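Novice: Sequence first, predicted coordinates after that:
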Amino acid sequence: MRTVEVKIYKFEELSEEAKERAINAHRDINDNCYNEYEATLKAFEKVFPHPDKGVDEDVLSMSVNRLRTWVINNFWDEIHKGKYYSLWSKEQPKDNTYGVLKARYSRIIWERSCPLTGMVFDMDVLEHVYKFLDNDPNLKDYYSEVNYDYSVLYYDCIQSLESTYDKHSEHQRSDVMVADTLVANEYEFTESGELF
């Protein structure tokens, strides 16, 4: 039998070289947003068909105003949801505790709050659709310059989602973010920067 004594350090106590080794070894520790990205992408593709598959030729050649109307008529319920509100139940529980809240959604007041999956990437993928539906005055020149149609709208949405994911992933993998995670989770390391 033998006994080995090892000095254990918190991340802040490591040398700069050991910190760098620990950060590089745990670079992927925060990169957990891919599942959210993938779920949002699948939900978006379920609602909005790919321009090359399942979209009539008539839709691809619509004018901007007709396309806006077509999107409203076909996708409004999927990209909006009724505003949430709740009411106390009128029935008093038998055990004299608090009443029960009834979850309800308005049929009149609509909100745009992550309607596809409930995750923040929903707003990024639908940003261009919402601007398009709102007839954003800043985009009027853009519509005329690119011969705006359904395929351009679709690819703008996908590009927006991919751009956001790349920025988010890059931030999560940055030295500062990884170091903050190692400190917050109180990981312990050997003198060389290896996880104990």
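Specialist: Perfect, thanks for sending it.
Novice: Name the residues that touch the lowest-mean-pLDDT helix or strand in the chain?
Specialist: Least confident helix or strand of the chain, by mean pLDDT, DSSP states H and E, is helix 140-145 with a mean of 73. Applying C-beta atoms under 8 Å, 6 or more residues apart in numbering, the contact partners of helix 140-145 are 64, 148. Backbone N, C-alpha and C define where each C-beta goes, glycine included.
Novice: Can you pull the domain assignment for this structure?
Specialist: The chain breaks down into these structural domains: 1-29+176-196, 31-80+115-172, 82-112 (assignment by automatic domain parsing).
Novice: Tell me the buried residues in the helix or strand following the least confident helix or strand of the chain?
Specialist: Heading C-terminal from helix 140-145, the first helix or strand you meet, by DSSP states H and E, is helix 150-172. Neighbour-count burial for helix 150-172, counted by 16 or more other C-beta atoms under 10 Å, picks out 150, 152-154, 156-158, 160-161, 164-165, 168-169, 172.
Novice: Need the residues you listed in TSV (columns: distance to residue 189 and pLDDT).
Specialist: Listed next are the buried residues of helix 150-172 as TSV, based on distance: C-beta to C-beta, whole Å; pLDDT from 0 to 100:
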residue	distance to residue 189	pLDDT
150	53	90
152	51	90
153	50	92
154	47	93
156	45	92
157	43	94
158	41	95
160	39	94
161	37	94
164	33	93
165	30	92
168	27	90
169	25	89
172	21	88
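Novice: Could you give the separation of stretch 161-175 from the chain centroid?
Specialist: 11 Å (C-alpha atoms, centre = their mean, to the nearest Å).
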